[in-house]
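[1] sequence and computational prediction follow.
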Amino acid sequence: NAGVTQTPKFQVLKTGQSMTLQCAQDMNHEYMSWYRQDPGMGLRLIHYSVGAGITDQGEVPNGYNVSRSTTEDFPLRLLSAAPSQTSVYFCASSSYSGGPLHFGNGTRLTVT
Amino acid sequence: DAKTTQPNSMESNEEEPVHLPCNHSTISGTDYIHWYRQLPSQGPEYVIHGLTSNVNNRMASLAIAEDRKSSTLILHRATLRDAAVYYCILLGMDSNYQLIWGAGTKLIIKP
């Protein structure tokens, strides 16, 4: 049982490039979410999903897209990277509303 | 989103109990109180959660005030491995996220 797996661990992009951060969980959790964490700060919600085919925006969705075609995968796409998107990105999953969140180990993204 | 407030940092001696406070005065009746901790360069790790009654697990205990406007995470015997940032958040029964997390409490353990 691997839990929540995020790839890649590190990524450097140039301004304007696009890329997809991968998130996969093997716990059959319906609920998944993406957060970003800037240095010394708490997490901020980007997008979330309550099941396959259903996604919604969080606090800071601009510049990011998501899709949820399967229960297991919840990729986060950066459309045109900007330096302001330099951050650490965490994916989380949970099995029920209000239940414990299981986090991946994050993707550290630098945009130059 | 309901907000929580925590002290920025706390210090404790190794092998002594630690009480980490959290205020959540605007909590609703359907909000669970959750605690997570985060080690450097890692994702947050679930510690414990509760609704109204005090809760215990192998990692910690959660004491919830009778009016639910505050709670305390108790580490019964702190070790150096407990040094981390601890976050207190509220998750509603109808949600699986919190829009914005606070900066948490940085727990420093002195040998």
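    That came in fine, so what should we check first? Predicted model only: the values in this text are computed from it and were never measured. Residues are numbered from 1 along each chain as shown, chains lettered A, B, ... in the order given.
[2] how near is residue A:25 to residue A:97?
    According to CB to CB, to the nearest Å, residue A:25 stands 16 Å off from residue A:97. Bear in mind the C-beta positions are built from the backbone N, C-alpha and C, glycine included.
[3] more neighbours: these two, which one.
    The residue with more neighbours, out of residue A:25 and residue A:97 and counting by other CB atoms under 10 Å in any protein chain shown, is residue A:25; that gives 25 against 17.
[4] check contacts around the spatially most central residue of chain A.
    Of all residues in chain A, the one closest to the mean position by CA atoms, centre = their mean is residue A:34, 3.2 Å from it. Residues near residue A:34 by CB atoms under 8 Å, 6 or more residues apart in numbering or on different chains: A:21, A:23, A:45-48, A:58, A:64, A:66, A:74, A:76, A:89-92.
[5] what are the ranges of the strands in chain B?
    Using DSSP state E, the strands of chain B run over B:9-13, B:18-23, B:31-38, B:45-50, B:55-56, B:61-64, B:70-75, B:84-92, B:105-110.
[6] close to chain A, is the second one?
    The reference is to strand B:18-23. No. Using CB under 8 Å from any CB of the partner chain, strand B:18-23 stays clear of chain A, coming no nearer than 12.9 Å.
[7] can you give me the buried ones in that strand?
    B:18, B:20, B:22-23 (16 or more other CB atoms under 10 Å in any protein chain shown).
[8] of all those residues, which comes closest to chain A?
    Taking CB to the nearest CB as the measure, chain A lies nearest residue B:22 of these, at 12.9 Å.
[9] so who does the closest one touch?
    B:4-6, B:33, B:35, B:70-73, B:88.
[10] mark which of those residues are buried, thanks.
    Buried, going by 16+ other CB under 10 Å: B:4, B:6, B:33, B:35, B:70-73, B:88, out of these.
[11] of those, list those near chain A.
    Applying CB under 8 Å from any CB to the buried ones among the contacts of residue B:22, none is adjacent to chain A.
[12] quick one: these as CSV, columns for pLDDT too.
    Shown next, in CSV, are the buried ones among the contacts of residue B:22 (pLDDT from 0 to 100):
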residue, pLDDT
B:4, 93
B:6, 96
B:33, 94
B:35, 96
B:70, 96
B:71, 97
B:72, 98
B:73, 98
B:88, 96
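[13] would you format these as a markdown table with distance to residue B:62 included?
    Shown next, in a markdown table, are those (distance: CB to CB, whole Å):
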| residue | distance to residue B:62 |
| --- | --- |
| B:4 | 13 |
| B:6 | 14 |
| B:33 | 7 |
| B:35 | 7 |
| B:70 | 11 |
| B:71 | 6 |
| B:72 | 7 |
| B:73 | 6 |
| B:88 | 10 |
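[14] who in chain B is up against chain A?
    Residues of chain B lying near chain A (CB under 8 Å from any CB): B:30, B:32, B:34, B:36, B:41-46, B:49, B:87, B:91-104.
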